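S.K.: Okay, sequence plus prediction incoming.
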Amino acid sequence: MSSRHHDEHVAATTGRYLKTGSETLRALQLLGSSPDGLAPDELAGRLGKSKSTARYLLNTLCQEGYAFRDGSSGVYRLAEAPPWGCPWGHRGNDADGVAAQLSDALTEVYRRTRQRAYLARVEDDRVVVLDIRGRQGLPKIPGLAESIPAEQAHALAVSKALAALSTGYRDTVEHEGTFEQFTHATVTGRHAFDHELELVRQSGFALDREEFAEGFCCIASPVLNPDGQVAASLALSVPARRFETDCIPLINDVVEVAAAASEQWRRSVHPDTGNGARTGDLAAGDGDPTRVAPPTMFARSRPPGSREHAAPTGGTSKPDM
């Protein structure tokens, strides 16, 4: 289709349009379909434009981060990723993009554990559950909504995993949260909450041991985006009886899947970079995500005045978070 016929087709099907914008997008499309790159005269011929116009279009795409000029050959090529950072064809950090990016990881958590699995992220002052995996008949946590307010964040693993690596969300919880005691095991008070988050940063996982609802425990681990910032948390809920006997393998499963998802996401955007820091080293939000070694279960001291949870019976040591 010639450039003039293409313009007429666009005008006929979409109404008014910006001709220069259409030409720029057409140049971008041609670059994308030319893996060996295009010289200005080649692009001019395909667009039916002058060589100077083609050069202006290419310079615009380079200036805005969509293309680059190969210094050795002089041809122009499509950049490896658009200016928003994710590879071409991949979604970004919006809710739909995060859900799509981590869909397989969520499925893997359920496949390994056969417990109800959750994917959640921070939106404004709340934690929003983006997706859930679980067969019919698995018990649900009573009172848990898909939009979790700051007032409940101190009692849930899925929100602790996010607050530990997100200063903004942590400040929201500490400012707006009431640290209500939901059960006999709820850890209350700002000091105790800060201690919980420090343990998450050290270990790479968060726990809720019947803190929100009697008879239910939760395990969560943060997932980092390619920039090293916490993007979401992967979590599962499990009856307290199974947690007592299987807490170690369940924690390992969640941590391993979350770490692998972070690494895969990073490599999809930065394929040539090496291994970065461990998740537990990213409290300040810098560095690269990498695979976290399966955690060992160790005793955790609690701050003065906080409640001590009953120890699980299925391990040799005691996570008290």
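M.R.: It's in.
S.K.: what sits against the closest residue to Pro149 other than its chain neighbours?
M.R.: Nearest residue to Pro149 in three dimensions, chain neighbours excluded: Arg126, at 5.8 Å (Cβ to Cβ, 6 or more residues apart in numbering). All C-beta atoms are positioned from the backbone trio N, CA, C, and that covers glycine. Arg126 makes contact with 147-150, according to Cβ atoms under 8 Å, 6 or more residues apart in numbering.
S.K.: Now Glu146: phi and psi?
M.R.: Glu146 adopts backbone torsions of phi -80, psi -10, taken as degrees, to the nearest 10.
S.K.: what sits against the residue nearest the centre of the chain?
M.R.: The chain has Ala231 as the residue nearest its centroid, 3.2 Å off, counting by Cα atoms, centre = their mean. By Cβ under 8 Å, 6+ apart, the contact set of Ala231 is 93, 98, 121, 223-225, 265.
S.K.: can you list the contacts of Arg126 in CSV and add secondary structure?
M.R.: Converted to CSV, these look like this (DSSP: H, G, I helix; E, B strand; the rest coil):
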residue, secondary structure
Ser147, strand
Ile148, strand
Pro149, coil
Ala150, helix
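S.K.: Report the secondary structure state of the closest residue to Gly189 other than its chain neighbours.
M.R.: Setting aside the residues directly before and after it, Gly189 is nearest to Phe179 in space (Cβ to Cβ, 6+ apart), at 5.7 Å. Using three-state DSSP, the structure places Phe179 in coil.
S.K.: pLDDT value on Phe179, please?
M.R.: Among the per-residue scores, Phe179 holds a pLDDT of 94.
S.K.: do the same with the one 10 residues further on
M.R.: Per-residue confidence for Gly189 comes out at a pLDDT of 91.
S.K.: so Val122 sits in a strand?
M.R.: Yes. Assessed by three-state DSSP, Val122 belongs to a strand.
S.K.: That one is in contact with Leu165, isn't it?
M.R.: No. Val122 is beyond contact range of Leu165, at 10.3 Å (criterion: Cβ atoms under 8 Å).
S.K.: Out of the two, name the residue with the larger neighbour count.
M.R.: More neighbours surround Leu165 than the other of Val122 and Leu165, with 25 against 21 (other Cβ atoms under 10 Å).
S.K.: Skip the chain neighbours and tell me the closest residue to that one.
M.R.: Nearest-residue entry for Leu165: Val230, 3.9 Å, with adjacent residues in sequence omitted and distances by Cβ to Cβ, 6+ apart.
S.K.: which stretches of this protein form helices?
M.R.: Shown for the chain, the helices assigned by DSSP state H span residues 3-14, 19-32, 40-47, 51-63, 95-101, 103-113, 157-163, 167-176, 190-203, 240-269.
S.K.: deepest of those helices, which one?
M.R.: Comparing the helices of the chain by mean neighbour count (mean count of other Cβ atoms under 10 Å), helix 157-163 comes out on top with a mean of 30.
S.K.: avg pLDDT for that helix?
M.R.: 97.
S.K.: by contact count, what packs against that helix?
M.R.: strand 117-123, strand 126-133, helix 167-176, helix 190-203, strand 206-209, strand 216-224, strand 230-239 (3 or more Cβ pairs under 8 Å, 6 or more residues apart in numbering; DSSP states H and E).
S.K.: what's in contact with the third one?
M.R.: Just to be clear, that refers to helix 167-176. 122, 125, 127, 150-151, 153-154, 159, 162-164, 190, 193-194, 197, 285.
S.K.: Pull the most distant pair out of those.
M.R.: By the measure Cβ to Cβ, Glu151 and Gly285 form the most distant pair in the contacts of helix 167-176, at 24.9 Å.
S.K.: contacting residues around the closest residue to Val158 other than its chain neighbours?
M.R.: In this structure, Val158 finds its nearest non-sequential neighbour in Ala235, 4.1 Å apart by Cβ to Cβ, 6+ apart. Ala235 makes contact with 117-120, 157-158, 161, 218-221, 254 under the criterion Cβ under 8 Å, 6+ apart.
S.K.: tell me the pLDDT at Thr296?
M.R.: 38.
S.K.: could you dump stretch 185-198 to PDB, C-alpha only?
M.R.: Extracted in PDB, the C-alpha atoms of stretch 185-198 (Å, rounded to 0.1, in the frame of the first residue of the first chain):
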ATOM      1  CA  ALA A 185      -1.800 -14.000  68.000                       C
ATOM      2  CA  THR A 186      -1.900 -10.600  66.300                       C
ATOM      3  CA  VAL A 187       1.300  -8.600  66.600                       C
ATOM      4  CA  THR A 188       0.200  -5.100  67.600                       C
ATOM      5  CA  GLY A 189       2.100  -1.800  67.900                       C
ATOM      6  CA  ARG A 190       4.400   0.100  65.500                       C
ATOM      7  CA  HIS A 191       7.600  -1.200  67.100                       C
ATOM      8  CA  ALA A 192       6.500  -4.800  66.700                       C
ATOM      9  CA  PHE A 193       5.400  -4.200  63.100                       C
ATOM     10  CA  ASP A 194       8.800  -2.600  62.200                       C
ATOM     11  CA  HIS A 195      10.500  -5.600  63.700                       C
ATOM     12  CA  GLU A 196       8.300  -7.900  61.600                       C
ATOM     13  CA  LEU A 197       9.300  -6.000  58.400                       C
ATOM     14  CA  GLU A 198      13.000  -6.200  59.300                       C
END
